[in-house]
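Asks: take this sequence and fold it.
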Amino acid sequence: MSMKSKQQIKDDIAEYHWMIQTIALKRAEFLDDTSQKLTATYGDEAGMPKAQGNHSDPLFFEVVRREKAYKSIKKMEGKVKFIQERMKLVEDPKQVLVLNKMLDGESMRSISRATGIPLTNVRRIRDEIANKMYLAQPAQMAQ
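Replies: Below you'll find the predicted structure:
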């Protein structure tokens with residue numbers, strides 16, 4: 001796993017609420033009997049080498065679409081897990097407050113208004129949180 005930049009961490013925190021909602025929604029869809037039947041029907045065939053040319057079966061394309069969605073969800077789960085594993089590093093009460101509001105999907109401006117913390121300070125607190133999470137990453141091995 002490669003190291004995340006501070007900006008990637010800030011982006012993941014900002015998108016956390018949306019990612020959690022999307023993961024929950026997609027998991028519910030994947031548990032639907034229809035999707036299991038499609039995968040069961042096309043699972044082995046989807047892994048086999050394909051002939052040249054276009055595949056005209058609409059169900060095949062649906063399986064491919066769902067596989068892409070599944071991979072996208074797995075990527076989101078990795079981002080969410082990264083944030084969740086490092087939340088314990090944030091101990092300062094103001095940082096905890098700002099982080100929780102961000103994870104709940106609130107905007108920086110909304111957090112500023114609700115808490116009475118100036119917007120520039122909310123941004124600074126967010127940057128401090130991202131820095132803590134950034135520094136907590138294992139050092140990249142030299143290749």
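Asks: so where's the protein uncertain?
Replies: 1, 30-55, 139-143 (pLDDT under 70).
Asks: helices of that one, start to end?
Replies: Taking DSSP state H as the test, the helices found in the chain are 6-30, 33-47, 58-86, 93-103, 108-115, 119-135.
Asks: in the last one, what counts as buried?
Replies: So that's helix 119-135. Using 16 or more other CB atoms under 10 Å as the test for burial, helix 119-135 gives 122, 123, 125, 126, 128, 129, 130, 132, 133, 134. Quick note: C-beta positions are derived from backbone N, CA and C, even for glycine.
Asks: I'd say the third one and residue 96 touch.
Replies: Yep, that's residue 125 we're talking about. No - if you go by CB atoms under 8 Å, residue 125 and residue 96 don't touch, sitting 9.9 Å apart.
Asks: which residues touch residue 95?
Replies: 125, 128, 129 (CB atoms under 8 Å, 6 or more residues apart in numbering).
Asks: ditto for residue 132
Replies: So residue 132 contacts 86, 89, 90 (CB under 8 Å, 6+ apart).
Asks: gap between it and residue 74?
Replies: Per CB to CB, to the nearest Å, residue 132 is found 26 Å from residue 74.
Asks: again with residue 86
Replies: Distance, residue 86 to residue 74, by CB to CB: 19 Å.
Asks: so what's the residue nearest the centre of the chain closest to, chain neighbours aside?
Replies: Centroid check for the chain by CA atoms, centre = their mean gives residue 76 as the closest residue, at 2.8 Å. In this structure, residue 76 finds its nearest non-sequential neighbour in residue 19, 4.5 Å apart by CB to CB, 6 or more residues apart in numbering.
Asks: who's in contact with the one you found?
Replies: By CB under 8 Å, 6+ apart, the neighbours of residue 19 are 12, 76, 79, 80.
Asks: these two touch, right, residue 137 and residue 3?
Replies: Yes - the pair residue 137 / residue 3 is scored as a contact, 5.2 Å apart, by CB under 8 Å.
Asks: ok, those two, which is more surrounded?
Replies: With neighbours defined as other CB atoms under 10 Å, residue 137 and residue 3 compare such that residue 137 has more, 14 against 10.
Asks: so what's the more buried one up against?
Replies: Applying CB under 8 Å, 6+ apart, we find residue 137 in contact with 3, 4.
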